Structures are given as C-alpha cells and as structure tokens.
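Visitor: what would the 3D arrangement of this be:
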Amino acid sequence: MKIAVFEPEPGVKGPTAWAFRLRYGFQQLGHDCDVVSFTKSGKARTSWGQPRPGGRWWSEAPDVVVKTAHLVETFDKYDMVVLPEIKVPLHDKQAIKKGEDAIPEYVDALLRTKTRWTTALHGSFYPEKDIPFVKKLLESPSRGNKLVTMSDESAKHSNDLFASMEWIKGPMPYIPQFDIDAPITNDWVVGTSGRFIYNKGQPLVALAGAFLPEDVTVEVWGSCSVGLGPSPTYIVYEILKEHFKAQVVRYAKNVNPEKFNGSMDGNIVTPYPWDARVPGKALIRYLGNYTDSAAIAARFRVHMNLTARAFARGLVEYSSLEAADAGAMCIVPGHLSDPQFRMMVLDWYTKSPTQTRLVQDEGLELIKKVADAFTTCLAIPDNERIEIARHNREVLRTRNDPRKTAEVMIESAFS
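Guide: Modelled structure (predicted):
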C-alpha cells in the first residue's frame, strides 16, 4: 500500500516523534510510506530541520509538503492516511479565532477524502475543551470504525465520547539506536530530556542538583516555549541564584565557557543555556535544544522523567524509551511505567509545583525526594547497570517494534 502519515504541525512533541517512527514501521512491512504535511504555499518551513527557540520546529522535514488547497487530492492518491493524534491544538485554536463555522484545514481534508484513515490517542486526557473539533472529525465517512490508543487510560477515562467507542491498543513505536551489548556511560551525569515545562518536571530535576554531591553533573536538555513572560528556564536559573545562592552564568549561543559571549541576564524570555553550582554541590546545566536524541540519552547514567499524571499516563514516554535504549537507569512515575522494563518507579509522584511553590515546603520536599532517587540509582553497581541495560534493550525490540504499531494502524483503518 501507499500510506501517508499526516502530521499537520510537525514540532517538538511526542506525536511528531511517533509519526516518523511509525513511517519506519510501515516501510519495514513493505509499504510505501511518506510523512505528509501542508502549508499555504506548499513550501516546507525553514524550521523543519533547523532547531530554534520554542517548540515549532522538528529535526527532520516531512517527505511531502503540499499546498493547503491540494490536501484532499493528495490524500486521495494514497491507500491509507494516519493522523498521529486525534487533535492538533494550534490548528484548532486558529480555526476558533476565525469564527463559529470555521473548522481546521486538517479536519476539512479528512472529512472530504475518500481514502481510509485512522488516528490515535497518546496517553493524554482529552476533555471537551481540548478537542473542540473531534466530534466533527469523527463524522468523516472514511475513518476507521476502530481507532487506536497508546494508553488504555486515554480511551477509557479521559472523555465520555471515547468511552463509548471501540479502540485497539497499540505500542509506542521505537527504533533502537544501540546494540543490545553496546557500552554504557561511566560518567556521573544524571538528568532529563524532552520539553522544558513545569508539567514535564524539568524544574524539579534541575533543582535536585542543589542536594547532590559535587562530583555529579545534572543535565537538563530540551526546547522551551517562548512567550511574553520570563522563560521557565530563566525562572529556575533565578531560583538557583537567589534561593540556593548558586554561582550561575547564562550563555548566548553555546554552553562552552571558553567561548562565553557575555551575560544574557537582560533577556529573560529566550531560553538560553546556563550553568549553576551551589557551593560544594553538583554542577547543574540547562543545555537547550537537541536533534540527536540517541547522543543525548547516551550521556546519562541516570535519566528521570517527571511528566505529571494529568498530562500523560498509561504509557512509557519517548524520553524514557530513548534513555533505556542508551543504557541509562530510568526513573519514572508509576503512571508512566511498565513492569516489562527494569526501572525505578516513583509511586509517590503525580505532579510538579510551579514557580514560587517550588521553594515552599511542598516543593522543597519533592526536590529532596528527587535527589534521593538519583542518589539511590547512582549507587547501583556497574555489573547490575549493564544487566539492566541489556534487559531493557531486549524489551524495546519486542514491546515497541514499529511494525506492531503499523499493523495495528492498518487493522484500525480497514476495520
């Protein structure tokens, strides 16, 4: 078959990573598969393949980019279309601004195409306010009768509309980047990756460095949204400087102190990288965007994911899968764990405080518990770390095989 994985808004988010990995799964099954997107002009955005501040970029351009006006005829040339997630928030908001009768272009195209299509849920909760066009989207006569969910929680408990529908459970597609016996790092680096945002827990991970020994480095990698107010990365930097009395420095274009371009404290909006160290404690680094997730994951001896339960549950997120593949010891909340993997599970964690609450009693208690979790995992002997890495890599090859996800999507589209 000829299959389009239709990503209306490629960006730094799980569904885009899912789309490109699913493409690989279809190709491994012998299908011709493209990642497809659209713009008004039909030209690819310069942000596709070029990191920049914020989250509206992706490390790889789609295979096919068409004009908005040609979207339906493009779909009609394929045998099957996959929309990575059942909602596209930015496009939904833009349509709402246009007026009462407007619908997003991606919804309009999927309503009108003759090609069978399907979509998925990704562990999020989907209240009515977050999916304003889903009822309309599901009116499409060419959609699959059964849709796909990566998480039972999303399908059963996030919306009454979904609870009454038929769903097929699918695995998160992942392409291993490391051999089962590939070496693992001996560096004393702990931290996290993914988007820097409060409900992903990066502030807690960074601040935990104030309670870790000075031979440890805490690295926090990931894009951060750019808005009108101070960047969350800058707020954490200020907390380290003011509350914990850390020695700090921010960098203009890179994180190499030998090439330091001068203090950027005057710009509190752009998420510039920074270094901080509480005297006698760990070096804490915010290192910004990345495109090579395997290379970043391989830096960690211990990797922590602290995505809030209200944001995602019932699956293992990509940052943890990448870390497990690289051989890191993974720390995850209970709602983002899986017993097939060997991980440290934090059953006590549900969400991260925001801003000023980070340094109030509740926040400080959580920060110390995060530091304790890192300390426990840092004490794991090397022979056990190697055994854990091998086990997790073997699990990835079966549990998260992209071909399995591709098979489920085909079943869904033609059910």
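Visitor: residues touching residue 408, list them.
Guide: 148, 168, 169, 170, 171 (Cβ atoms under 8 Å, 6 or more residues apart in numbering). Quick note: C-beta positions are derived from backbone N, CA and C, even for glycine.
Visitor: which members of those are classed as buried?
Guide: 148, 168, 170, 171 (16 or more other Cβ atoms under 10 Å).
Visitor: might you report the residue contacts of residue 210?
Guide: Contacts for residue 210 (Cβ under 8 Å, 6+ apart) come out as 240, 244, 246, 278, 281, 282, 284, 367, 371.
Visitor: OK, contacts around the fourth one?
Guide: What that stands for is residue 278. With Cβ under 8 Å, 6+ apart, residue 278 has these contacts: 209, 210, 240, 244, 245, 246, 284.
Visitor: next step: those residues restricted to strands.
Guide: residue 284 (DSSP state E).
Visitor: neighbours of residue 301, just the number please.
Guide: 22 (other Cβ atoms under 10 Å).
Visitor: surely it is in contact with residue 191?
Guide: No - shown here, residue 301 and residue 191 do not form a contact pair, counting by Cβ atoms under 8 Å, at 9.4 Å.
Visitor: farthest-separated two in the contacts of residue 210?
Guide: 246 and 371 (14.6 Å; Cβ to Cβ).
Visitor: so for those two, which sits in the more crowded spot?
Guide: More neighbours surround residue 371 than the other of residue 246 and residue 371, with 24 against 21 (other Cβ under 10 Å).
Visitor: just the pLDDT for that one.
Guide: Residue 371 is assigned 98 on the pLDDT scale.
Visitor: out of the contacts of residue 408, which are inside strands?
Guide: Those of the contacts of residue 408 lying in strands (DSSP E): 148, 168, 169.
Visitor: which non-adjacent residue is nearest residue 152?
Guide: Counting by Cβ to Cβ, 6 or more residues apart in numbering, residue 314 is the residue found nearest to residue 152 once chain neighbours are left out, at 5.6 Å.
Visitor: next one: residue 213
Guide: In space, residue 213 is closest to residue 282, 6.5 Å off (Cβ to Cβ, 6+ apart).
Visitor: give the contact list for the one you found.
Guide: So residue 282 contacts 209, 210, 212, 213, 214, 215, 216, 217, 218 (Cβ under 8 Å, 6+ apart).
Visitor: emit the PyMOL select command for whichever of these are buried.
Guide: Selection of buried members from those for PyMOL, criterion 16+ other Cβ under 10 Å:
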select buried, resi 209+210+212+216+217+218
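Visitor: closest to residue 288 out of the contacts of residue 282?
Guide: residue 218 (14.7 Å).
Visitor: distance check, the closest one against residue 337.
Guide: 22 Å (Cβ to Cβ, to the nearest Å).
Visitor: next: residue 351.
Guide: Taken as Cβ to Cβ, the span from residue 351 to residue 337 is 16 Å.
Visitor: same question for residue 112.
Guide: Applying Cβ to Cβ to residue 112 and residue 337 gives a distance of 41 Å.
Visitor: show me where the stretch 301-415 of the chain has its helices.
Guide: 318-326, 361-378, 382-399, 402-413 (DSSP state H, counting those that start in this stretch).
Visitor: mind checking which of those is nearest residue 180?
Guide: helix 382-399 (4.7 Å).
Visitor: and that closest one, which residues are buried?
Guide: In helix 382-399, the ones that count as buried by 16+ other Cβ under 10 Å are 385, 388, 389, 390, 392, 393, 395, 396, 399.
Visitor: does the second one really touch residue 328, like I thought?
Guide: No - Residue 388 sits out of contact with residue 328 when judged by Cβ under 8 Å, with a separation of 9.3 Å.
Visitor: what's the span of stretch 286-299 from first residue to last?
Guide: 14 Å (Cα to Cα, to the nearest Å).
Visitor: could I get the buried residue list for it?
Guide: So stretch 286-299, judged by 16+ other Cβ under 10 Å, has buried residues 286, 287, 288, 289, 290, 293, 296, 297, 298, 299.
Visitor: pLDDT on it, on average?
Guide: Mean pLDDT, stretch 286-299: 94.
Visitor: so what's residue 307 closest to, chain neighbours aside?
Guide: residue 200 is the one closest to residue 307 (Cβ to Cβ, 6+ apart), at 5.2 Å.
Visitor: and the one you found, how many neighbours does it have?
Guide: Number of residues near residue 200 (other Cβ under 10 Å) recorded here: 24.
Visitor: ok, residue 50 next?
Guide: Residues near residue 50, counting by other Cβ under 10 Å: 12.
Visitor: report pLDDT for the nearest residue to residue 389 once chain neighbours are set aside.
Guide: Excluding its sequence neighbours, the residue lying closest to residue 389 (Cβ to Cβ, 6+ apart) is residue 327, at 3.5 Å. Looking at residue 327, its pLDDT stands at 98.
Visitor: what of residue 410?
Guide: The per-residue pLDDT of residue 410 was computed as 98.
Visitor: the stretch 151-300 of the chain: strands as residue ranges?
Guide: 167-169, 189-192, 217-221, 247-250, 274-277, 283-288 (DSSP state E, counting those that start in this stretch).
Visitor: what's the closest of those strands to residue 128?
Guide: strand 167-169 (18.4 Å).
Visitor: by contact count, what packs against that closest one?
Guide: With contacts defined as 3 or more Cβ pairs under 8 Å, 6 or more residues apart in numbering; DSSP states H and E, the packing partners of strand 167-169 are strand 147-149, helix 402-413.
Visitor: circling back: widest-spaced pair of the contacts of residue 282?
Guide: 210 and 215 (14.9 Å).
Visitor: below-threshold pLDDT in this protein: ranges please.
Guide: Scanning the chain for pLDDT under 70 picks out 252-266.
Visitor: now with 80?
Guide: Residues of the chain meeting the criterion pLDDT under 80: 50, 52-55, 228, 252-266, 355.
Visitor: which strand runs longest in it?
Guide: The residue-count maximum for a strand in the chain (DSSP E) belongs to strand 32-39.
Visitor: show me what counts as buried in that strand.
Guide: 33, 34, 35, 36, 37, 38.
Visitor: between the residues you listed, which is closest to residue 234?
Guide: Distance to residue 234 across the buried residues of strand 32-39 (Cβ to Cβ) is lowest for residue 37, with 31.7 Å.
Visitor: pairing partners for the longest strand of the chain, with directions?
Guide: strand 2-6 (parallel), strand 64-67 (parallel) (DSSP bridges).
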